[in-house]
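Enquirer: Just a sequence and a predicted model for now, questions to come.
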Amino acid sequence: MASNTTILQDSYQHNHIDVLDGIRAIAILIVVWFHFWQQSWLMPIAGDFNIDWIPRNGALLVDMLILLSGFCLFLPYARSMVYKTEAPHAKSFYKKRVARIFPSYYFNVFLVLFLFALPLGEYANKSFLWKDLLSHIFFVNNLSYDTLVATKLNGVLWTVAVEFQFYLIFPLLAKWFQKRPILTYSCMTLIGLISSHFISQNFGTLNQALYVNHTLTFLSVFANGMLGAWAYISITHDKKPVKAEQFLYILMTLAGLVLYKILCDHHMNFPNGQQWQVKYRYVLSLVYLLILFGCLMAQQYFRFFLGNRLMKFLATISFNLYIWHQYIAVKLKEFRIPYWEGDIPPNQLGDKPWMWKYMLLCIAVSLVVAILTTYLIEKPLARLILRRYDKSK
């Protein structure tokens, strides 16, 4: 029978890391909560119990998702660095990204276009219709103000555009990182810091909504994810975990959570929340890296909470939950579901029964749509894409 040390050692090196499912699921659920909170105004406050700061800062968790992306994408390249094996080929990388992203993303874009935007006459003119559609088709919808803020297709898809733009250059970044990790990390971080500093310093004169989540500002976040993957594989390579170290990593995770709460308080008290996001993006990503790394290194103790079946399931449907939830919430309210009379939305009148009905309906509909889209669209089409690619080789 394998010893506990051997089992834990194997879990470090396994291709799928269970606790990452939980971290991804929790991050996306908080982003979802943030958008539902924006529409419902339902505050998680009961007497002295107040966790309203969690949904209020929900938008900050997008940065955790970018960090996770950098970590997970670079993990096989980090293994090849440490174990001196062949790195993944660029063709294989792009094939997997297409299979993972395209089915759900394009299904979302065209379903929204043909079931809602066009039938409801939401486009004032054809020129914007084509600009909006083409910018989403080619993943550049985050680069112009109207397709970012005034899009009729789906407001949250800007994050997919940011991710896709990183995918285009990732094999090159990974190659450079493998050869010159410190130099590559420094250059990526420097670009992210310079762009964030410039935008932050000129926030009042720039188009704020366009630049608050500019792709270049996320480069330092992405770099921290890649650095975390390299450090994780390097430290766990042929290393027997020591029990005392596990508790130090638990303390690291707790320290990261405390720092996150401090940053959230600072964000809420900052004069301009969006400017804060740009200004402190790199610092926030370091705190996220601290939490992520602590959970990974002490995963023996976090697996029950972060690596269970529920978290794995939520991680499986997370992409579709993410891209659908806000649009569903907005449309339900626009269509007055649950129904209300008058010109003022019930949440603005403090109608708690309606707010609870609306919140629960948003959760239920979003989960159903995410589950159906994952298992009827994403997974079958992904398998088809991968099979066709394998046959063409």
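Expert: Right, received. Where do you want to start?

Enquirer: Tell me which residues of stretch 102-113 come out buried.
Expert: Neighbour-count burial for stretch 102-113, counted by 16 or more other Cβ atoms under 10 Å, picks out P103, S104, Y105, F107, N108, V109, L111, V112, L113. (C-beta placed from N, C-alpha, C; glycine too.)

Enquirer: which residues touch that stretch?
Expert: Residues outside stretch 102-113 that contact it (Cβ atoms under 8 Å, 6 or more residues apart in numbering): 133, 136-137, 152-154, 157, 160, 319-320, 323-324, 327, 373-374, 377-378, 381-382, 385.

Enquirer: Then stretch 202-214?
Expert: The contact list for stretch 202-214 (Cβ under 8 Å, 6+ apart) reads 62, 142, 144-145, 148-149, 158-159, 162, 195, 199, 272, 274-275, 277-278.

Enquirer: so what's the spatially most central residue of the chain up against?
Expert: Nearest to the mean C-alpha position of the chain, by Cα atoms, centre = their mean, lies L65 at 2.9 Å. By Cβ under 8 Å, 6+ apart, L65 lies in contact with R24, A27, I28, V31, T159.

Enquirer: Which residue comes closest to the first one once chain neighbours are left out?
Expert: Just to be clear, that refers to R24. Spatial nearest neighbour of R24, chain neighbours left out: A315 (5.0 Å); criterion: Cβ to Cβ, 6 or more residues apart in numbering.

Enquirer: Now that the one you found has come up, it's in contact with G22, right?
Expert: Yes: using Cβ atoms under 8 Å, A315 is in contact with G22, at 7.5 Å.

Enquirer: The closest residue to I363 other than its chain neighbours: neighbouring residues, count only.
Expert: With sequence-adjacent residues excluded and distances taken as Cβ to Cβ, 6+ apart, I363 is closest to F36, at 7.2 Å. Close neighbours of F36, defined as other Cβ atoms under 10 Å, add up to 22.

Enquirer: Need phi/psi at F36.
Expert: phi -70, psi -40 (degrees, to the nearest 10).

Enquirer: Likewise for H214?
Expert: Torsion angles, degrees, to the nearest 10, at H214: phi -60, psi 140.

Enquirer: Could you count how many residues lie near it?
Expert: The number of residues near H214, taken as other Cβ under 10 Å, comes to 20.

Enquirer: ditto for the one 4 residues further on
Expert: For F218, the neighbour count with other Cβ under 10 Å is 27.

Enquirer: which ones are touching it?
Expert: D63, I66, V162, F166, G192, R281.

Enquirer: Looks to me like the first one is in a strand.
Expert: So that's D63. No: assigned with DSSP: H, G, I helix; E, B strand; the rest coil, D63 falls outside any strand and is helix.

Enquirer: Surely it is in contact with R281?
Expert: Yes: look at D63 against R281 with Cβ under 8 Å: they come within range, at 6.4 Å.

Enquirer: more neighbours, the two?
Expert: Neighbour totals were compared for D63 and R281, and R281 leads with 27 against 23 (other Cβ under 10 Å).

Enquirer: three-state assignment of L120?
Expert: With three-state DSSP as the criterion, L120 reads coil.

Enquirer: Would you map the helices across the stretch 1-150 of the chain?
Expert: 4-13, 18-40, 53-56, 61-83, 90-112, 126-137, 145-149 (DSSP state H, counting those that start in this stretch).

Enquirer: Strands of this protein, start to end?
Expert: Shown for the chain, the strands assigned by DSSP state E span residues 45-46, 49-50.

Enquirer: Need the ones you listed in CSV (columns: distance to F293, mean neighbour count and mean pLDDT).
Expert: Converted to CSV, the strands of the chain look like this (distance: least, Cβ to Cβ, whole Å; neighbours: other Cβ atoms under 10 Å; pLDDT from 0 to 100):
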stretch, distance to F293, mean neighbour count, mean pLDDT
strand 45-46, 33, 9, 90
strand 49-50, 30, 10, 92
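
Enquirer: Between those, which one is closest to R303.
Expert: For R303, the closest of the strands of the chain is strand 49-50, at 28.6 Å, according to Cβ to Cβ.

Enquirer: which of the helices of the stretch 1-150 of the chain has the lowest average pLDDT?
Expert: Taking each of the helices of the stretch 1-150 of the chain in turn, the one with the lowest mean pLDDT is helix 4-13, at a mean of 43.

Enquirer: will you turn the helices of the stretch 1-150 of the chain into CSV that also has distance to L206?
Expert: Formatted as CSV, the helices of the stretch 1-150 of the chain follow (distance: least, Cβ to Cβ, whole Å):
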stretch, distance to L206
helix 4-13, 44
helix 18-40, 23
helix 53-56, 24
helix 61-83, 20
helix 90-112, 28
helix 126-137, 20
helix 145-149, 11
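
Enquirer: of all the ones you listed, which lies closest to C187?
Expert: Nearest to C187, of the helices of the stretch 1-150 of the chain and by Cβ to Cβ, is helix 61-83 at 14.5 Å.

Enquirer: Just the CA coordinates for the closest one, please, in CSV.
Expert: Provided in CSV are the C-alpha atoms of helix 61-83 (Å, rounded to 0.1, in the frame of the first residue of the first chain):
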residue,chain,number,x,y,z
LEU,A,61,-12.1,38.3,-9.1
VAL,A,62,-11.8,38.6,-12.8
ASP,A,63,-8.1,39.2,-12.1
MET,A,64,-8.0,35.9,-10.3
LEU,A,65,-9.4,34.2,-13.4
ILE,A,66,-6.7,35.8,-15.6
LEU,A,67,-4.1,34.6,-13.0
LEU,A,68,-5.5,31.1,-13.1
SER,A,69,-5.5,31.1,-16.8
GLY,A,70,-1.8,32.0,-16.9
PHE,A,71,-1.0,29.4,-14.3
CYS,A,72,-3.0,26.5,-16.0
LEU,A,73,-1.8,27.3,-19.5
PHE,A,74,1.8,27.4,-18.5
LEU,A,75,1.7,24.3,-16.3
PRO,A,76,2.7,21.8,-19.0
TYR,A,77,5.4,24.1,-20.2
ALA,A,78,6.7,24.4,-16.6
ARG,A,79,6.8,20.6,-16.4
SER,A,80,8.8,20.4,-19.6
MET,A,81,11.2,23.0,-18.1
VAL,A,82,11.7,21.1,-14.9
TYR,A,83,11.6,17.5,-16.2
